[in-house]
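# Okay, structure incoming, though there's no sequence with it:
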C-alpha cells in the first residue's frame, strides 16, 4: 500500500510520492513526515518547478499542479486512458509522456507539439540534447529515435532513467503480477553518453524500480540542480 513512485525536491526537502501520500526527507535523507491524502492513489513521476510540484496521476488521467499548501489544480488533462507517467519540465518546456497502454506519445504542453514514441514507454530525458525515452514494452531500449542504448533487458521491465554529464542510468526490473509485488532482483544498467554499456549495478531483493534520480549532480532526466 506504500508503493513509492515519483521523486523530486525543493530547496530543502526531498519528496517521494507514495500512493496517496507525499513523504518528506531532509538534506541528509532522514525521514521527516508525510503529507497525507493529497495524491490520487497511483501517482507516477513528479517534478518541482518554481515552487509548484507537478505529478502525473495515472488513476485520474491528469497532471496535477500543487502549490506550497498542497492545493491542487489541473495542469494538463485528457479524456480516455492516456496513462500519463512521466514529466520533463524546464523554464521553456513542459513535456508529458502518455504511454496510452500501447503506442506512446510525448506532448509538449506549452507548444502543442507531439511526438509518437514506442510501446508503453516510460521516462523522458535530454540525452545529448535530444528527447529520449525508455521503450518499455517495445524494444526495451533507451532511445531518442536516432540513437539508442541496448538495455539487454532479457524480457524484464525497463523503467527508471537518470542522465548525468557522462553517464546514463536505466532501471531494469523483474516483471510482476501486481504493483504490490515487492520482491525480485533489479539492477541499474550504466551506459556512456554514446549508449555503450559500462556496467550493471545489482540491487538484489529490492523488487521493481519505479523511478531513478541523480541527486548529487545535474540530472538531464529531471532538469533540476542537485539536491543540497
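Sure, I can see it. A quick note: this is a predicted structure, and the numbers were derived from the prediction, not measured. Numbers count the residues shown, from 1 in each chain.
# what about the helices in this structure?
Counting by DSSP state H, the chain has no helices at all.
# so where's it shaky on pLDDT?
By pLDDT under 70, the weakly predicted segments of the chain are 1, 177-182.
# Quick check: the nearest residue to residue 98 once chain neighbours are set aside vs residue 62, distance?
Closest residue to residue 98 apart from its sequence neighbours, by Cβ to Cβ, 6 or more residues apart in numbering: residue 82 at 4.1 Å. Just so you know, the C-beta spots here come from the backbone N, C-alpha and C atoms, and that holds for glycine as well. To residue 62, residue 82 is 9 Å away according to Cβ to Cβ, to the nearest Å.
# With residue 118 as the reference, measure out to the spatially most distant residue from the centre of the chain.
Most distant from the centre of the chain: residue 69, at 23.4 Å, with distances by Cα atoms, centre = their mean. For residue 69, the distance to residue 118 (Cβ to Cβ) stands at 38 Å.
# what's the answer for residue 38, then?
32 Å.
# What of residue 78?
19 Å.
# who has more neighbours, those two?
residue 118 (19 against 14; other Cβ atoms under 10 Å).
# close enough to count as contact, the more buried one and residue 139?
Yes - Residue 118 lies in contact with residue 139 (Cβ atoms under 8 Å); the separation is 6.6 Å.
# I figured residue 101 was touching residue 83, is that so?
Yes - counting by Cβ under 8 Å, residue 101 touches residue 83, with 5.4 Å between them.
# So if I had to pick from the two, which one is more boxed in?
Ranked by neighbour count (other Cβ under 10 Å), residue 101 and residue 83 place residue 83 first, with 19 against 13.
# Apart from its chain neighbours, what residue comes closest to the more buried one?
Excluding its sequence neighbours, the residue lying closest to residue 83 (Cβ to Cβ, 6+ apart) is residue 99, at 4.6 Å.
# again with residue 33
Nearest to residue 33 is residue 24, by Cβ to Cβ, 6+ apart, at 5.7 Å.
# Name all residues that make contact with the one you found.
Counting by Cβ atoms under 8 Å, 6 or more residues apart in numbering, residue 24 makes contact with 13-15, 31-35.
# what about it, distance to residue 142?
31 Å.
# before we move on, what about residue 58?
21 Å.
# Kindly report the same for residue 204.
For residue 204 relative to residue 142 (Cβ to Cβ), the value is 23 Å.
# okay, these two: which has more neighbours?
Ranked by neighbour count (other Cβ under 10 Å), residue 204 and residue 142 place residue 142 first, with 26 against 8.
# My read is that the more buried one contacts residue 159, right?
No - between residue 142 and residue 159 there is no contact under Cβ under 8 Å: 10.8 Å.
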